[in-house]
Each structure stands twice: as structure tokens, then as C-alpha cells.
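[1] Structure for this input, please:
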Amino acid sequence: MKIHVQNAIPISSVSPVSRSATGLHLIGDLYGCLCDSRLMLDAEYLENFCKDRVAAAGLTSVGSLFHSFGEGGGVTGVVVLAESHLSIHTWPESGYVTLDVYVCNYTANNRPKAQKLFDDLQAAFNPNDPHLHRVDRA
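    Residues are numbered from 1 along each chain as shown. Predicted coordinates:
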């Protein structure tokens with residue numbers, strides 16, 4: 001199937017533009033988590049906990065979906081934010097959690113709110129070996 005696009009500009013010829021909607025992406029690989037087991041195993045508990053932490057950080061939840069992988073299995077979940085998203089994945093058998101908080105800064109500087117959310121969640125999981133990354137987005 002051939003698609004014809006009139007007046008298309010090749011990506012390589014487009015110059016980068018300064019954007020006003022910059023963002024912050026906080027990423028954590030949390031090893032050796034010593035926390036309340038409900039955070040690792042219980043999808044409903046983790047979802048409510050995350051939504052409470054989102055509100056406490058001053059961010060706006062617009063929806064969420066959390067899934068449990070059954071008896072003894074982990075949880076995967078996402079909270080969609082008006083400002084972007086929070087995603088989390090747990091591996092209770094390994095004491096491992098991945099944590100991802102991303103916010104845009106279109107109408108306000110949401111960086112401090114994102115950092116508070118990330119810090120609160122990291123503290124709750126209490127990892128003994130956190131690997132943290134901070135990425136400034138365009």
C-alpha cells in the first residue's frame with residue numbers, strides 16, 4: 001500500500017525548535033525493596049496508594065489501570081495524569097520495582113510535584129539499591 005502525502009517535509013530537514021512544554025522524566029529501578037507486601041502484590045491497594053500519592057503531590061489523575069498477575073505474582077499499573085503519567089511494575093519474587101514518573105510543564109512548572117511523587121513512592125518501597133535516572137525532555 002502506497003501512501004501519498006502532499007507537501008510533506010522530510011524529518012531530516014526540520015530544524016529543532018525550542019518548546020515551551022518541557023518535561024521531566026524520573027525513572028527508578030528499585031532493587032531489594034523491603035516494604036508492605038500489599039504494595040508488591042495487591043493491585044487494588046497499589047492503585048489506591050498511587051492515586052493518593054498523586055493527589056498529595058498536587059498532580060491530577062485522569063484515569064488508572066492496574067493488573068495483578070495472580071497469587072504471588074506482581075502488579076503492573078499506570079495512572080494517567082493531566083500532566084502525563086506514572087507507571088509502576090512490581091516483581092515481589094525479586095524485591096524489584098520499576099517506577100516511572102513523567103510530567104510536562106505546559107502551563108506550570110510541575111517538576112517539584114513530580115519529584116515529590118517519585119520520592120514518596122520510592123520511600124514506600126524502601127529499596128536498598130535504587131538506580132535512579134533523571135531525564136529532561138524537550
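
[2] So what pairs up with the closest residue in space to Leu30 that isn't next to it in sequence in the strands?
    Here the nearest residue to Leu30 in space, its sequence neighbours aside, is Pro127; by C-beta to C-beta, 6 or more residues apart in numbering that works out to 3.7 Å. Every residue, glycine included, has its C-beta placed from N, CA and C. Listed by DSSP bridges, the beta-bridge partners for Pro127 are Cys33.

[3] tell me, how many neighbours does Pro127 end up with?
    21 (other C-beta atoms under 10 Å).

[4] any idea how far Asn126 is from Gly28?
    12 Å (C-beta to C-beta, to the nearest Å).

[5] More neighbours: these two, which one.
    Gly28 (21 against 15).

[6] correct me, but that one touches Arg134?
    No. Gly28 is beyond contact range of Arg134, at 10.0 Å (criterion: C-beta atoms under 8 Å).

[7] And the strands in the protein, which stretches?
    23-33, 61-68, 75-81, 84-91, 96-104, 127-137 (DSSP state E).

[8] which ones are touching Cys104?
    Neighbouring residues of Cys104 by C-beta atoms under 8 Å, 6 or more residues apart in numbering: Ala21, Thr22, Gly23, Glu83, Ser84, Asn110, Arg137.

[9] for Gly95, that is, sorry about that
    Tyr31, Gly32, Cys33, Leu34, Met40.

[10] What subset of those is buried?
    Those of these that meet the buried threshold are Cys33, Met40, by 16 or more other C-beta atoms under 10 Å.
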